[in-house]
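**Student:** Starting from these lines, generate the structure:
(2 chains)
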There are 2 protein chains.
Amino acid sequence: MGEFELLARLRERLPPPGPQVHLGSGDDAAISTPSGATVTSVDALVEGVHFRRGRGSLAQVGHKSLATALSDLAAMGAEPGEAYVALGVPADLDEEGCLELLDGLTALAAETGTTLAGGDVTRAPVLTVTTTVVGHASSPDDLVRRGGAQPGDLLAVTGKLGGAAAGLLLLEEEAEGELIARQLEPQPRLEAGRALAAIGATAMIDLSDGLGGDASHLAVASGVGLRINAEALPLAGGVAAMAAATGLDPLQLAISGGEDYELLVTLPPHLLESASKAVSETGVELTGVGEVVAGEGTEIRLPDGGRMKATGFDQLR
Amino acid sequence: MGEFELLARLRERLPPPGPQVHLGSGDDAAISTPSGATVTSVDALVEGVHFRRGRGSLAQVGHKSLATALSDLAAMGAEPGEAYVALGVPADLDEEGCLELLDGLTALAAETGTTLAGGDVTRAPVLTVTTTVVGHASSPDDLVRRGGAQPGDLLAVTGKLGGAAAGLLLLEEEAEGELIARQLEPQPRLEAGRALAAIGATAMIDLSDGLGGDASHLAVASGVGLRINAEALPLAGGVAAMAAATGLDPLQLAISGGEDYELLVTLPPHLLESASKAVSETGVELTGVGEVVAGEGTEIRLPDGGRMKATGFDQLR
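**Tutor:** This next block holds a predicted model:
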């Protein structure tokens, strides 16, 4: 496969760049003229570590690589802008496979208003997609970091939890359905993130590693403690049934499963009603799941009156 | 190896961010407030494809990953700003190895005024470093693209050629020396690139794939032809000897070897003298090597009076 021919074919598929992009893919570098604050994040998906080829389509791999990166922009409340994709192509992936992956990625880019402005294609032992995304906001003050939670704030979460972890279990059984889509085609909560930022969220993080671990990151960054009410956690449809079928605790899937790419947010109590309304206008629900307290530690109160300390998944993956 | 502990140890080694960076590594995304034009490029180095571990140090892998990305900024004439690094860590690379790699990368970052503002660390089957770099300029008009060469312009190159290719041959013999450094520790010509942009270069590209191929990219982008005088090409010291020892044509190393990361530039003839002076003040020489003509095709005139058509290396790598 010739590199330049492949690049040319990949470039043919790209939609035209957005207004901030002066020069897209094809030169030494892309040129843009952002105004205000710029937000940047990078995320890598590695075959055999984050996904398996054959379980889901190559278009879904492309979708997920951009979705997981955009989820970080959602968690800042930023407007998506540009994406730069480094594609590592194994010897057994042909040109058609590369184009299918790109099609999945550009479909989500078009849907979210993201310009695919550049990238790199190399050989690699396994399929690897590293995506850098750039988002925008009027000023740094409009963005929500992890470190602003205050004692007395409420803790809330967008959407439903546990679906991606349940979907992963189902994938292992070669099933199909909505939970599978939660695993293979996560939706970055970009509009909900911007709405929460505009309303005055004090801290925000996206749930990639699982609620337990990500809540701890937010708590440590803010220098506060968190109390999470396990009974309040909004479980995705089918999670309870999947948990029952596999002998797992559904709360385990919601707390430790990860990859739901929902947003965990803190905000003063008087803002909960308007935040719920604004988030539901973006098509997902906002659910209060706990509160911010002085001190430290993230504690999860279980339905049986027990308590567990939230610790996240911390193996390099 | 725990992901968050490794990230914390990596972060401890980072120098403080530059003035444009409001929030560096550690949140969902980095925040910066660029002004004017922003230039972005991404470059991946994959073990077994672009380098072999054991031939050179891990610090050199870190250096080269940032250097090859910054070279694209040099070729636009941009000021280096931020870097975002996605590190793929194989099971046999320990934490100390990751830190050594990062030290090589941050040393070049400090030297060039680049802030390492974020990244991602994942497992991977082989060591993989994907670096996104962001550069800055006052306006898009201050940047030099590939497409502006005009018939009548001169063609010139910074520094010396063939050194990296000769260094690769030497590496295979486990030798040491300056040519090895050209291969393992390329220097992005950032200051020379900015000087050439300020003086009025009409087109510019960095020599990553080899003069033959990269000249063709510039010619196609500009819609012009190029005539290169092979006798004028500035060979790096030791290239002729290395070529003689291995039975290769030294011109072959200079034209097709690649990885010299020098700049190939076009400019009106009356600017050559001031451009040469400005480039030599950055510590490298500028050498006229040919001219831009109407039409198409990149032709290399050989010392024996023969001509060769320049075609670049075009295997995916």
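**Student:** How much space separates residue A:69 from residue B:189?
**Tutor:** According to C-beta to C-beta, to the nearest Å, residue A:69 and residue B:189 sit 31 Å apart. Yep, even glycine has a C-beta here, placed from its N, CA and C like the rest.
**Student:** Next one: residue A:101 from residue A:93, what distance?
**Tutor:** Taking C-beta to C-beta, one finds residue A:101 at 8 Å from residue A:93.
**Student:** and for these two, which residues touch both?
**Tutor:** Common neighbours of residue A:101 and residue A:93 are listed as residue A:127 (criterion: C-beta atoms under 8 Å, 6 or more residues apart in numbering or on different chains).
**Student:** So if I had to pick from the two, which one is more boxed in?
**Tutor:** Legend: neighbour count by other C-beta atoms under 10 Å in any protein chain shown for residue A:101 and residue A:93, higher for residue A:101 (25 against 20).
**Student:** so that one touches residue A:61, yeah?
**Tutor:** Yes - counting by C-beta atoms under 8 Å, residue A:101 does reach residue A:61; the two are 5.6 Å apart.
**Student:** what residues are shared contacts of the two?
**Tutor:** By C-beta under 8 Å, 6+ apart, the residues touching both residue A:101 and residue A:61 are A:127, A:129.
**Student:** Neighbours of residue A:310, how many?
**Tutor:** 20.
**Student:** Also residue A:220?
**Tutor:** Residue A:220: 15 surrounding residues under other C-beta under 10 Å.
**Student:** residues in contact with it?
**Tutor:** Shown in contact with residue A:220 (C-beta under 8 Å, 6+ apart): residue A:296.
**Student:** May I ask which helix or strand encompasses it?
**Tutor:** For residue A:220, the host element (DSSP states H and E) is helix A:211-222.
**Student:** Please apply the same query to residue A:291.
**Tutor:** Assigned by DSSP H and E, residue A:291 falls in strand A:286-293.
**Student:** Could you name the helices and strands sitting against the helix or strand following that strand?
**Tutor:** As assigned by DSSP H and E, the chain's next helix or strand after strand A:286-293 is strand A:298-301. Other helices and strands packing on strand A:298-301, by 3 or more C-beta pairs under 8 Å, 6 or more residues apart in numbering or on different chains; DSSP states H and E, are helix A:211-222, strand A:225-229, strand A:307-309.
**Student:** Most tightly packed of the ones you listed?
**Tutor:** Mean neighbour count (mean count of other C-beta atoms under 10 Å in any protein chain shown) peaks for helix A:211-222 among those, with a mean of 23.
**Student:** Need the pLDDT of the nearest residue to residue A:133 once chain neighbours are set aside.
**Tutor:** Closest residue in space to residue A:133, ignoring its immediate chain neighbours: residue A:69 at 4.3 Å, by C-beta to C-beta, 6 or more residues apart in numbering or on different chains. We have a pLDDT of 95 for residue A:69.
**Student:** swap in residue A:8?
**Tutor:** 80.
**Student:** isn't residue A:64 right up against residue A:47?
**Tutor:** No - Residue A:64 is beyond contact range of residue A:47, at 11.9 Å (criterion: C-beta under 8 Å).
**Student:** out of those two, which sits in the more crowded spot?
**Tutor:** residue A:64 (26 against 20).
**Student:** Next secondary structure after the helix or strand hosting that one?
**Tutor:** Per DSSP H and E, residue A:64 falls inside helix A:58-74. The first helix or strand that comes after helix A:58-74 along the chain, using DSSP H and E, is strand A:79-89.
**Student:** Please state the offset of that following strand from the chain centre?
**Tutor:** 14 Å (C-alpha atoms, centre = their mean, to the nearest Å).
**Student:** Parallel or antiparallel, which strands does that strand pair with?
**Tutor:** strand A:115-123 (parallel), strand A:128-137 (antiparallel) (DSSP bridges).
**Student:** Tell me which of these is the most buried.
**Tutor:** Comparing the strands paired with strand A:79-89 by mean count of other C-beta under 10 Å gives strand A:128-137 as most buried, with a mean of 28.
**Student:** Using PDB, list the CA coordinates for it.
**Tutor:** The C-alpha coordinates for strand A:128-137 follow below in PDB (Å, rounded to 0.1, in the frame of the first residue of the first chain):
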ATOM      1  CA  THR A 128      -4.000   1.900  16.600                       C
ATOM      2  CA  VAL A 129      -6.000   5.200  16.400                       C
ATOM      3  CA  THR A 130      -4.600   8.200  18.300                       C
ATOM      4  CA  THR A 131      -6.900  11.200  18.200                       C
ATOM      5  CA  THR A 132      -6.100  14.700  19.200                       C
ATOM      6  CA  VAL A 133      -9.100  16.900  19.600                       C
ATOM      7  CA  VAL A 134      -9.200  20.700  19.900                       C
ATOM      8  CA  GLY A 135     -12.200  22.500  21.300                       C
ATOM      9  CA  HIS A 136     -13.100  26.200  21.800                       C
ATOM     10  CA  ALA A 137     -14.700  28.500  24.300                       C
END
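**Student:** next helix or strand past it?
**Tutor:** Going down the chain from strand A:128-137, the next helix or strand is strand A:154-158, by DSSP H and E.
**Student:** for chain A, which spans come out with low pLDDT?
**Tutor:** Scanning chain A for pLDDT under 70 picks out the ranges A:1, A:174, A:176, A:311-315.
**Student:** how does it look with 90?
**Tutor:** Along chain A, segments meeting pLDDT under 90 span A:1-35, A:54-56, A:162-185, A:209-210, A:237-254, A:256-259, A:303-317.
**Student:** residue contacts, the nearest residue to residue A:73 once chain neighbours are set aside?
**Tutor:** Nearest residue to residue A:73, sequence neighbours excluded (C-beta to C-beta, 6+ apart): residue A:135, at 3.8 Å. Going by C-beta under 8 Å, 6+ apart, residue A:135 touches A:38-40, A:73, A:76, A:78-81, B:29.
**Student:** So is the strand or helix carrying residue A:196 next to chain B?
**Tutor:** Per DSSP H and E: residue A:196 is located in helix A:190-199. No - figure legend: helix A:190-199 not in contact with chain B (C-beta under 8 Å from any C-beta of the partner chain); closest approach 9.6 Å.
**Student:** Just give me how far that helix sits from the chain centre.
**Tutor:** Between the centre of helix A:190-199 and the centre of its chain there are 14 Å (C-alpha atoms, centre = their mean).
**Student:** Over to stretch A:45-64?
**Tutor:** Using C-alpha atoms, centre = their mean, the offset of stretch A:45-64 from its chain centre is 15 Å.
**Student:** Now that stretch: buried residues?
**Tutor:** By 16 or more other C-beta atoms under 10 Å in any protein chain shown, the buried positions in stretch A:45-64 come out as A:45-47, A:49-51, A:53, A:56-64.
**Student:** C-alpha coordinates for it, PDB please?
**Tutor:** In PDB, the C-alpha atoms belonging to stretch A:45-64 read as follows (Å, rounded to 0.1, in the frame of the first residue of the first chain):
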ATOM      1  CA  LEU A  45      -7.300   3.200  21.100                       C
ATOM      2  CA  VAL A  46      -5.100   0.200  20.700                       C
ATOM      3  CA  GLU A  47      -6.300  -3.100  19.200                       C
ATOM      4  CA  GLY A  48      -6.100  -5.900  21.800                       C
ATOM      5  CA  VAL A  49      -6.100  -3.400  24.600                       C
ATOM      6  CA  HIS A  50      -9.200  -1.200  24.000                       C
ATOM      7  CA  PHE A  51     -11.000  -3.100  21.400                       C
ATOM      8  CA  ARG A  52     -10.900  -6.300  19.300                       C
ATOM      9  CA  ARG A  53     -11.200  -6.300  15.600                       C
ATOM     10  CA  GLY A  54     -14.100  -8.500  14.500                       C
ATOM     11  CA  ARG A  55     -16.200  -7.500  17.600                       C
ATOM     12  CA  GLY A  56     -17.900  -4.600  16.000                       C
ATOM     13  CA  SER A  57     -17.100  -2.900  12.700                       C
ATOM     14  CA  LEU A  58     -14.100  -0.800  11.700                       C
ATOM     15  CA  ALA A  59     -16.500   2.100  11.300                       C
ATOM     16  CA  GLN A  60     -17.300   1.600  15.000                       C
ATOM     17  CA  VAL A  61     -13.600   1.700  15.900                       C
ATOM     18  CA  GLY A  62     -13.300   5.000  14.000                       C
ATOM     19  CA  HIS A  63     -16.400   6.300  15.800                       C
ATOM     20  CA  LYS A  64     -15.200   5.300  19.200                       C
END
